[in-house]
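S.K.: take a look and give me a structure for this.
(chains A and B)
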Amino acid sequence: MGTVSGLDARVALKLGTLDLDVDVHVEPAETVVVVGPNGAGKTTLLRAVAGLAPVDRGRIVLDGTPIDGLPPEQRPIGVVFQDGLLFPKMSVLDNVAFGLRARGTAKREANARAAEWLERVGLADRAGARPPQLSGGQAQRVALARALSIEPRILLLDEPLAALDAGARVEVRRALREHLAAYDGVRIVVTHDPLEALTLADRLIVLDGGRVVQEGSPAEVRNRPRSRYVAQLLGLNLFEGVLESNDLLRLANGFVLHVAVDDAVIGPCVAVVEPAAITLFASVPHASARNTWEATVVELDHEPSRVRVRVDAPVPLVVDVTPGAAAELALEPGRRVWCALKATAVSVEPL
Amino acid sequence: MFGLLVFFALPLVALVVRVPWSDITDDLSDPAIRPALRLSLVCSVAATGLSVVIGVPIAWLLARVEFPGKAVARALALLPLVLPPVVGGVALLVAFGRRGVVGQYLDDWFGIRLPFTTWAAIIAETFVAMPFMIITVEGALRGVDTRYEEAAATLGAGRWTVMRRVTLPAIGPSLLAGITLTWARALGEFGATITFAGNFRGETQTMPLAVYLALQTDTGAALTLSLVLLVISIVVLALVGRRVWGR
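M.R.: Sure, this is the predicted structure:
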């Protein structure tokens, strides 16, 4: 039996009304994003891996070595908490140097390495500041630097964007993408943010009621949602591309999406379109919508209040229509339809 | 509000008014004052130190650890607040006196005799004043957001490092308040001290005991001694109070 690399976490525990029983494997350099409704046990799973929540039964093994017998301070982990939890009475530099100091690194060297980490997250000039003087986005970048400074082999991120406003989200999401790409350990991210889930994840795990109800690549989970929660959370149309002007987004395959943004952030962006924002027509639409495409219906998914339609336009799309409209358009797989999308219904987020 | 201030201030004003200001240089050069003052400061500071060393861990236990009989333990820790200090002194004497429950063994095995020594004065003051430390620090610990301690643990900090670098700084102002209250209570301690430690000049005679003794023979000297104690207390409380409770 060879040594299994990566993290193997079989965790069973009861906490209040939560009955958590999951078995999760994460490869090195893999980002697993855990999504699920409130109370599903996402954060508790992270806390169990970190050693902060006692496990009733189970086994947590990292690269073949069990770590579940160790207290949190002896586990090779780095945690980024939802609201940062920077120590308020310490300078930013001391916060980042804290882990190294606690692990016995001499003060001078710890400070030098902390300064390097601050440089890497672009906050070298705030080294002397106190956490309350930082913006939300800056604080979360410091928290990321603090977690990475100890070179953990498991990086745990508990809703790292949840407490931030929209602008700071973009800032921190960008920092996360950059630093997760450069980090070769195991990463687990808990989130409620669909964009974060779809853009960070190598693999998605859906938790509900303390059990893993679905697992797979973001595309698989998005295309075959096994619960209404997932369908609603991830059932978005996402287009990665380059914003060329404030009304034009060019996708990787050359396809052009008309958009309307006030402050054009020229450069790499992701466009998000709600499935209900796209309208289907039986023939060429005479509508004001900037975007119209001819498409083929691939699949229909009937729910009581709506029909989710997958179509193959120049890019695959998910469209929600009412059951009445679906009947009127005689939707069925293979049927040719026209899609219309108003440029103003596309929301664009810089990456 | 004003009436309340008058109620508290009036006795102090009366004390200042009645101090025999004409004899003050004589009274202040009384040979009893210097040793009493020195002893008061030494004992109250030592008692405060002991209260930090013993009281903070007790407060931590009460705030953070669940154990059977916790309510009784807390009641015991706070008992000296309601017990008349003389009773505390008697209890200490019965425990640590030369024929006391523990004291006889201290004497037989180690040759340690506590009663009527400076150590006795320190112990008496600690016994009476430590509840102020416990009650203040326990309350502060309950108010601390333990997630910061968890964050510190995930960064590799053991229990002691977490305590020193995260928990104590977080309760800093309350700790300082506890230290101030404990010190103030220790400085004014009388009943337990005179019962357990006696009233020996240079050994156990702190300022309150000196005031009591002077009152039997020379009211003027007693007033002057009281004034000295009053001035010291006000200066310290005002200085520390600004840091603890703001302006």
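S.K.: can you list the residues of chain B near chain A?
M.R.: Within reach of chain A by C-beta under 8 Å from any C-beta of the partner chain, chain B has these residues: B:147-148, B:150-158, B:161, B:165-166, B:169-170, B:172. From N, CA and C alone the C-beta is placed, and that goes for glycine too.
S.K.: which ones among these map onto strands?
M.R.: Within the residues of chain B next to chain A, no residue falls in strands by DSSP state E.
S.K.: could you chop chain A up by domain?
M.R.: A:7-234, A:237-350 (automatic domain parsing).
S.K.: pull the distance from the shortest one to the chain's centre.
M.R.: For domain A:237-350, the distance between its averaged C-alpha position and the chain's averaged C-alpha position is 22 Å (C-alpha atoms, centre = their mean, to the nearest Å).
S.K.: swap in the first one?
M.R.: If you compare the mean C-alpha spot of domain A:7-234 with that of the full chain, they lie 11 Å apart, counting by C-alpha atoms, centre = their mean.
S.K.: secondary structure of residue B:114: a helix, I assume?
M.R.: No: applying DSSP: H, G, I helix; E, B strand; the rest coil, one finds residue B:114 to be coil, outside a helix.
S.K.: most packed of the domains of chain A?
M.R.: Ranked by average neighbour count under the criterion mean count of other C-beta atoms under 10 Å in any protein chain shown, those are headed by domain A:7-234 at a mean of 19.
S.K.: can that one be said to contact chain B?
M.R.: Yes: with C-beta under 8 Å from any C-beta as the criterion, chain B is reached by domain A:7-234 at A:50-52, A:71-75, A:77-79, A:81, A:85, A:87-90, A:98-99, A:102-103, A:146-147, A:150.
S.K.: just to revisit the earlier point, filter the residues of chain B next to chain A down to the buried ones.
M.R.: B:148, B:150-157, B:161, B:165-166, B:170 (16 or more other C-beta atoms under 10 Å in any protein chain shown).
S.K.: before we move on, what SS does residue 214 have?
M.R.: You didn't pick a chain, so chain A it is. strand.
S.K.: to clarify, I was referring to chain B.
M.R.: Assignment for residue B:214 (three-state DSSP): helix.
S.K.: from residue B:37, how far out is it?
M.R.: Taking C-beta to C-beta, to the nearest Å as the measure, residue B:214 falls 13 Å from residue B:37.
S.K.: which one of the two has more residues nearby?
M.R.: Counted by other C-beta atoms under 10 Å in any protein chain shown, residue B:214 and residue B:37 do not tie: residue B:214 has more neighbours, with 22 against 17.
S.K.: how would you label the nearest residue to residue A:344 once chain neighbours are set aside: helix, strand or coil?
M.R.: Once flanking residues are discounted, residue A:344 sits nearest to residue A:260: 4.9 Å by C-beta to C-beta, 6 or more residues apart in numbering or on different chains. Of the three states, residue A:260 takes coil under three-state DSSP.
S.K.: mind checking pLDDT for residue B:239?
M.R.: If you check residue B:239, the pLDDT there is 85.
S.K.: within the helices and strands, which one has it?
M.R.: helix B:219-245 (DSSP states H and E).
S.K.: next one: that helix to chain centre, how far?
M.R.: 15 Å.
S.K.: please tell me how far the residue lying closest to residue A:98 once chain neighbours are set aside sits from residue A:101.
M.R.: Leaving aside its chain neighbours, residue A:98 sits nearest to residue B:155 (5.5 Å; criterion: C-beta to C-beta, 6+ apart). Residue B:155 sits 9 Å away from residue A:101, going by C-beta to C-beta.
S.K.: elements contacting the longest helix that chain A contains?
M.R.: In chain A, assigned by DSSP state H, the helix with the most residues is helix A:166-181. If you count contacts as 3 or more C-beta pairs under 8 Å, 6 or more residues apart in numbering or on different chains; DSSP states H and E, helix A:166-181 packs onto helix A:136-149, helix A:194-200, strand A:347-350.
S.K.: just want the angle from it to helix A:136-149.
M.R.: 20 degrees (axes from the mean of the first three to the mean of the last three C-alpha atoms, to 10 degrees).
S.K.: quick one: contacts of the helix or strand following helix A:166-181?
M.R.: Per DSSP H and E, the first helix or strand lying C-terminal to helix A:166-181 is strand A:186-190. With contacts defined as C-beta atoms under 8 Å, 6 or more residues apart in numbering or on different chains, strand A:186-190 is touched by A:6-7, A:24, A:26-35, A:42-43, A:45-46, A:49, A:62, A:153-160, A:180, A:196-197, A:200-201.
S.K.: what residue ranges in chain B score low on pLDDT?
M.R.: B:245-247 (pLDDT under 70).
S.K.: strands along that one, start to end?
M.R.: Going by DSSP E, chain B shows no strands.
S.K.: most centrally placed residue in it?
M.R.: Central residue of chain B (C-alpha atoms, centre = their mean): residue B:186, 2.6 Å from the mean position.
S.K.: distance of that one relative to chain A?
M.R.: Counting by C-beta to the nearest C-beta, to the nearest Å, the separation of residue B:186 from chain A is 28 Å.
S.K.: quick one: contacts for residue 158?
M.R.: You didn't pick a chain, so chain A it is. A:43, A:46, A:79-82, A:190 are the contacts of residue A:158 under C-beta under 8 Å, 6+ apart.
S.K.: wait, chain B
M.R.: Residue B:158 touches A:73, A:102, counting by C-beta under 8 Å, 6+ apart.
S.K.: rewinding a little: now do the longest helix of chain A and strand A:186-190, the angle between them.
M.R.: Using the same axes, to 10 degrees: helix A:166-181 against strand A:186-190 is 160 degrees.
S.K.: what's next to helix A:166-181, contact-wise?
M.R.: Applying C-beta under 8 Å, 6+ apart, the set of residues contacting helix A:166-181 is A:31, A:120-122, A:135-137, A:140-141, A:144, A:148, A:155, A:157, A:160-161, A:164, A:187, A:193, A:195-196, A:199-200, A:349-351.
S.K.: kindly report the same for stretch A:98-115.
M.R.: So stretch A:98-115 is contacted by A:73, A:78, A:87, A:90, A:93-94, A:96-97, A:124, A:127, A:145-147, A:149-150, B:152, B:155-158, B:161, B:165 (C-beta under 8 Å, 6+ apart).
S.K.: the host helix or strand of residue A:101 vs helix A:136-149, what angle?
M.R.: Taking DSSP H and E as the criterion, residue A:101 maps to helix A:92-102. Angle between the axes of helix A:92-102 and helix A:136-149 is 20 degrees (criterion: the same axes, to 10 degrees).
S.K.: export stretch B:6-23 as PDB, just CAs?
M.R.: The C-alpha trace of stretch B:6-23 is given here as PDB (Å, rounded to 0.1, in the frame of the first residue of the first chain):
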ATOM      1  CA  VAL B   6     -21.700  65.700  48.600                       C
ATOM      2  CA  PHE B   7     -22.500  62.600  50.500                       C
ATOM      3  CA  PHE B   8     -19.300  60.900  49.400                       C
ATOM      4  CA  ALA B   9     -17.100  64.000  49.600                       C
ATOM      5  CA  LEU B  10     -18.300  65.500  52.900                       C
ATOM      6  CA  PRO B  11     -16.500  63.100  55.300                       C
ATOM      7  CA  LEU B  12     -13.300  63.500  53.300                       C
ATOM      8  CA  VAL B  13     -13.600  67.300  53.400                       C
ATOM      9  CA  ALA B  14     -14.200  67.100  57.200                       C
ATOM     10  CA  LEU B  15     -11.100  65.100  57.500                       C
ATOM     11  CA  VAL B  16      -9.000  67.600  55.600                       C
ATOM     12  CA  VAL B  17     -10.500  70.500  57.600                       C
ATOM     13  CA  ARG B  18      -9.800  68.900  61.000                       C
ATOM     14  CA  VAL B  19      -6.200  68.000  60.200                       C
ATOM     15  CA  PRO B  20      -4.100  70.000  62.700                       C
ATOM     16  CA  TRP B  21      -2.200  71.800  60.000                       C
ATOM     17  CA  SER B  22      -0.100  73.800  62.600                       C
ATOM     18  CA  ASP B  23       1.400  70.500  63.900                       C
END
